[in-house]
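**Student:** prediction below, plus the sequence it came from.
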There are 2 protein chains.
Amino acid sequence: MAKEKNTEKQQELSITVAREEDLSEWYTQVIVKSDLIDYSKVSGCIVYKPRSYQIWEIIQRETDKRFKEAGIQNAYFPLFIPESLLMKEAEHLEGFAPEVAWVTQTGDSELGEKLAIRPTSETIMYDSYSKWVQSWRDLPLRLNQWNNVVRWEFKHSTPFLRSREFLWNEGHTVFATKEEAVAEEKVIIGIYKEILEKYMALYGVVGRKSKNETFPGAEWTHSIECFLPTGKAIQGPDFHHDGQIFSKAFNISFLDEKGERQFAWQNTFAITTRMIGVLIMTHSDDKGLVLPPRLTYNKCVIVPLLFKGKEEAVLEQARKLKERLSSFGAVLDERVGVSPGFKFSEWEIKGMPLRLELGPRDLEQGQIVVVKRHSGEKILVPLSDAEKEVERILNKIQDEMFEKSKAYTLSNRVVCESVGDFEKALAEKKWPVVRWCGDPQCEESLKDLYGVKSNNIPLEQDKVAKGKCVFCSRDASCYAHLCKSL
Amino acid sequence: MAKEKNTEKQQELSITVAREEDLSEWYTQVIVKSDLIDYSKVSGCIVYKPRSYQIWEIIQRETDKRFKEAGIQNAYFPLFIPESLLMKEAEHLEGFAPEVAWVTQTGDSELGEKLAIRPTSETIMYDSYSKWVQSWRDLPLRLNQWNNVVRWEFKHSTPFLRSREFLWNEGHTVFATKEEAVAEEKVIIGIYKEILEKYMALYGVVGRKSKNETFPGAEWTHSIECFLPTGKAIQGPDFHHDGQIFSKAFNISFLDEKGERQFAWQNTFAITTRMIGVLIMTHSDDKGLVLPPRLTYNKCVIVPLLFKGKEEAVLEQARKLKERLSSFGAVLDERVGVSPGFKFSEWEIKGMPLRLELGPRDLEQGQIVVVKRHSGEKILVPLSDAEKEVERILNKIQDEMFEKSKAYTLSNRVVCESVGDFEKALAEKKWPVVRWCGDPQCEESLKDLYGVKSNNIPLEQDKVAKGKCVFCSRDASCYAHLCKSL
């Protein structure tokens, strides 16, 4: 068997640029070298390799379980939306039309009416809803889809963060009253927040979107915004209360208990594969990918340290250990002709949460050396307690990663009472929370002046916004997150 | 509250045509009135309502679990395939090009190269595989996708059975040797067979496809064929051994352990939402949908029989019963102003596997009346044993439905040693198993003469095919299933 040229290969495999130095190149190297994705022949569309698809699979599984418990059912609507249907709600159309991919031919024939690949499914779903909803007995109607959508953005695409095709859930619910519709926000945002915190180890701030940033066709949008270690914020999962905008455009109406016709109240909500990008940006480092244990099937790798004459005894224990840790998807790296050091860095690049080292001396002392990927911390664990200790340490990692994200976000939030405060915070790549009017014109001018937009207006306001907007002469109505966004 | 006009509504809800009388109208009524699907504004594309999507969810969950146990990993490749890539394997292209939906525009712009919506993903996946597979160490590579595909057929579309967009798994595996590749067939067909038998209660025959019916680009195809109570057969899940056809077209090659370059060996395999149509065609009846218990989250409905003055006692027990049977997703039909008879037939139409009736007299006698949907059989069950008995009866239903499908199929198979036998079997809507040559020309002429094609050539041949083909002068090579297919 040919021996690997370790040094050369290590160079090829490792991350050769620091995150601080060149964020974009660092990100590309992390996602490619950790084996998460590959580029495809279709510009702006990536291949989700098993190691990234499993992240999505876990997010999907956990979210779906909670949706079902909350009484939401899954359905599946066609990929295609006829042009005439997409045009039914003007504001919605305006928001999506520039990015629609159109099917105009099938086989050799031209289609009579061109078909949009769904950029989102309001129009095709609500056409059905208008038939299904006739009586108050048909409500609430709470459906969800897990599917693929296409938005042909012309901006530079970034895998996960801005891809022309992405995967998501789209929940579309209908209620008889505004009160019931609005009450759903707590449930859904609660589910998304739990997924971010417990699984993705991400801290985010729940808030309301400004008028300018509200979803096209919604009355208001709530989002969870995450602050990245790049000084930019990014929008996570969101929830839109559509009021009666779509129900009037699509005639989703019902006879109430008194026999009177009413328009229904609607919500939509989504979490997308974009979150995988947020995860990488937040937690990965100059050594490569860092994954929270709950987002991977293989949570630890065992690297046996093989010394001449003692290989068999170590390998035997390592194999036993793998069996004992099978519920954590333990991997045993038995490769011959590859040095332990090379293995260590390969698994670090790939984001394996925990490394277990086992050598002849460890064997003598009945211990294993356990190394946490996210912090590098080494822990000596009695070999006999491996199952219990690995479980404990994995849970600890999960907590530590979330706490790190939370502490980072909170320590970078800066309340700004003046333009000076705001400009200073921006320059220091902090997250300004600014006394603001929320006016669309004011937001436009901020975009022109600073290249920033509002991220969201936190539901929990630390203090009451008295006096004038920091930027203009209007009265302040809130403190808002305002910074560059990804 | 307005009283329902029961008779009128019942008429509107119930299946008004017998299956024997008008199969196509019966099928349409069953799938629409049982609330499985709705038609959409896109011709040939349906809406999977929650009651049909959950069938697919269960098939997917169970298949996926087994794929993972077998070492197959999930991935996700782009929806789009550039025209030049689709054209890379000639036979494959020829098979799919006439049915491809093409994206030619995005926003207001024309695309430089048009993009196919995947009809299947060989070409986009193997373009990646050719980069990923370099050394024998990279093999085997065994990936699967759960996704949507589009085949714009111009034939009359039938929901589930022939839809322009459908959902499926597509497994695409690569091996270093032919032996390993071929050995995968047993595993995959074994998984599919288990899903059909244990979950869908469908009996199918495993066999090899004729040359004419082999997948475009495959060396050979194995399929599970199901015989429908309409005298037609339909193809279920399939497995294709591609040999080195694609690996040569896409240059999927590797250095073996001796350092020599070799082309890889490949397989693909799939199960699709088409199976939901097979399920309905096989098991449903003139009263509506019949579902095997393992394919639905809600396995039983409790219908309380309410008599004046005794409502509360019955309802109280019914509610308790619902709680006790929550692991079976028990539904309690408490609707007021709707007669028990109306409720019975509504749940029959919807295919609820088990109905539990509970009235004042049952309460006195400490029993419930349990009615099996698929057979109409009534069973008296002690109220105190409800959990245990419901579980036992549900398992029994599952078995009985499979046995029914199996018995039906086997009793309709007719071995034909002459054209006369064959014509008689066709006329009697049986499933001919014919001594055959397997020659493509012979198959062409059978299509012209009888409108039949070969379904498959069973792997287990009941006897050795000696002598001449029943239809032509060539030597017989097998006994093959030959009949009209859906």
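**Tutor:** Cool, got the structure. In this text, all values refer to a predicted model and were calculated from it rather than measured experimentally.

**Student:** A:I379 - how many residues pack around it?
**Tutor:** 15 (other CB atoms under 10 Å in any protein chain shown). Every C-beta, even on glycine, is put in place using the N, C-alpha and C of the backbone.

**Student:** and the strand or helix carrying A:K396, what does it pack against?
**Tutor:** Using DSSP states H and E, A:K396 sits in helix A:386-412. Contacts defined by 3 or more CB pairs under 8 Å, 6 or more residues apart in numbering or on different chains; DSSP states H and E place helix A:386-412 against strand A:220-227, helix A:274-283, helix A:311-324, strand A:354-358, strand A:367-372, strand A:378-382.

**Student:** and the ones you listed as TSV, adding mean pLDDT and distance to chain B?
**Tutor:** Shown next, in TSV, are those (pLDDT from 0 to 100; distance: least, CB to the nearest CB, whole Å):
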stretch	mean pLDDT	distance to chain B
strand A:220-227	97	23
helix A:274-283	97	11
helix A:311-324	95	16
strand A:354-358	97	21
strand A:367-372	98	25
strand A:378-382	97	29
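
**Student:** how about these in CSV, adding distance to A:G467?
**Tutor:** Below are the helices and strands packed on helix A:386-412 laid out as CSV (distance: least, CB to CB, whole Å):
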stretch, distance to A:G467
strand A:220-227, 24
helix A:274-283, 34
helix A:311-324, 63
strand A:354-358, 52
strand A:367-372, 48
strand A:378-382, 53
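
**Student:** elements contacting the helix or strand just after the helix holding A:K396?
**Tutor:** Per DSSP H and E, the first helix or strand lying C-terminal to helix A:386-412 is strand A:413-416. Judged by 3+ CB pairs under 8 Å, 6+ apart, the packing partners of strand A:413-416 are helix A:419-427, strand A:431-436.

**Student:** contacts for strand A:413-416, please.
**Tutor:** Outside strand A:413-416, the residues within contact range by CB atoms under 8 Å, 6 or more residues apart in numbering or on different chains are A:227, A:421-422, A:425, A:430-435, A:462-463, A:470, A:479.

**Student:** from those residues, which would you call buried?
**Tutor:** A:F227, A:D421, A:F422, A:A425, A:K430, A:W431, A:P432, A:V433, A:V434, A:R435, A:V470, A:Y479 (16 or more other CB atoms under 10 Å in any protein chain shown).

**Student:** A:T28: neighbour count?
**Tutor:** A:T28 - counted by other CB under 10 Å - has 17 other residues nearby.

**Student:** would you turn the helices and strands packed on strand A:413-416 into a markdown table with distance to B:N74 and mean pLDDT?
**Tutor:** Listed next are these as a markdown table, based on distance: least, CB to CB, whole Å; pLDDT from 0 to 100:
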| stretch | distance to B:N74 | mean pLDDT |
| --- | --- | --- |
| helix A:419-427 | 42 | 96 |
| strand A:431-436 | 36 | 96 |
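
**Student:** can you tell me which of the buried ones among the contacts of strand A:413-416 comes closest to B:E99?
**Tutor:** A:F227 (47.6 Å; CB to CB).

**Student:** show me the contacts for the closest one.
**Tutor:** Contacts of A:F227 by CB under 8 Å, 6+ apart are A:V205, A:A233, A:Y408, A:T409, A:N412, A:R413, A:W431, A:C483.

**Student:** what sits against the fourth one?
**Tutor:** For A:T409, the residues meeting the contact criterion (CB under 8 Å, 6+ apart) are A:Y203, A:G204, A:V205, A:C226, A:F227, A:W431.

**Student:** surely A:K310 and A:P360 touch.
**Tutor:** Yes. A:K310 lies in contact with A:P360 (CB atoms under 8 Å); the separation is 4.3 Å.

**Student:** if we can go back for a sec, for the contacts of A:F227, work out which two are farthest apart.
**Tutor:** A:Y408 and A:C483 (14.4 Å).

**Student:** those two: who's more crowded?
**Tutor:** The neighbour comparison of A:Y408 against A:C483 (other CB under 10 Å) goes to A:C483, with 25 against 15.

**Student:** thought the more buried one was touching A:T230?
**Tutor:** No. A:C483 lies out of contact with A:T230 (CB under 8 Å); the separation is 10.4 Å.

**Student:** which parts of chain A belong to which domain?
**Tutor:** Listed by automatic domain parsing, the domain ranges of chain A are A:49-283, A:298-393, A:412-483.

**Student:** ranking these by burial, who's on top?
**Tutor:** domain A:49-283 (a mean of 20; mean count of other CB atoms under 10 Å in any protein chain shown).

**Student:** tell me the gap between that domain and the middle of its chain.
**Tutor:** 14 Å (CA atoms, centre = their mean, to the nearest Å).

**Student:** now do the same end-to-end measure for that domain.
**Tutor:** 20 Å (CA to CA, to the nearest Å).

**Student:** swap in stretch A:154-167?
**Tutor:** 19 Å.

**Student:** does chain B sit close to it?
**Tutor:** Yes. Against chain B, stretch A:154-167 shows contacts by CB under 8 Å from any CB of the partner chain at A:F154, A:E165, A:L167.

**Student:** how much space between the residue located most distally from the centre of chain A and A:P360?
**Tutor:** Here chain A reaches farthest from its C-alpha mean at A:G309, the gap being 48.5 Å by CA atoms, centre = their mean. According to CB to CB, to the nearest Å, A:G309 and A:P360 sit 9 Å apart.

**Student:** with A:E179 instead?
**Tutor:** Following CB to CB, the distance that separates A:E179 from A:P360 is 69 Å.

**Student:** helix, strand, or coil at the residue in the stretch 301-450 of chain A positioned nearest to chain B?
**Tutor:** At 9.0 Å from chain B, A:R335 is the closest residue in the stretch 301-450 of chain A, using CB to the nearest CB. Secondary structure, DSSP: H, G, I helix; E, B strand; the rest coil: A:R335 is coil.

**Student:** can you name the residues that contact the residue nearest to it when sequence neighbours are not counted?
**Tutor:** Nearest non-adjacent residue to A:R335, counting by CB to CB, 6 or more residues apart in numbering or on different chains: A:K343, 7.0 Å away. Shown in contact with A:K343 (CB under 8 Å, 6+ apart): A:V301, A:V303, A:D333, A:R335.

**Student:** just to revisit the earlier point, closest one to A:V47 among the helices and strands packed on strand A:413-416?
**Tutor:** Among the helices and strands packed on strand A:413-416, strand A:431-436 sits nearest to A:V47 (CB to CB), with 33.4 Å.

**Student:** what's the average pLDDT for stretch A:114-133?
**Tutor:** In this model, stretch A:114-133 has a mean pLDDT of 96.

**Student:** wait, what's in contact with A:A201?
**Tutor:** By CB under 8 Å, 6+ apart, the neighbours of A:A201 are A:L279, A:T282, A:H283, A:P292, A:Q398, A:M401, A:F402, A:K404, A:S405.

**Student:** residue contacts, the fifth one?
**Tutor:** So that's A:Q398. A:K198, A:A201, A:P292, A:P293, A:R294.

**Student:** ok, A:S135 next?
**Tutor:** Contacts of A:S135 by CB under 8 Å, 6+ apart are A:F254, A:L255.

**Student:** who does it form a beta bridge with?
**Tutor:** A:L255 (DSSP bridges).

**Student:** where does chain A have low pLDDT?
**Tutor:** Residues of chain A meeting the criterion pLDDT under 70: A:1-11.

**Student:** okay, which residue is most central for it?
**Tutor:** A:M275 (1.3 Å).

**Student:** is it true that it touches A:G236?
**Tutor:** Yes. With contact defined as CB under 8 Å, A:M275 reaches A:G236; the gap is 6.2 Å.

**Student:** which neighbours do the two have in common?
**Tutor:** A:L196, A:L202.
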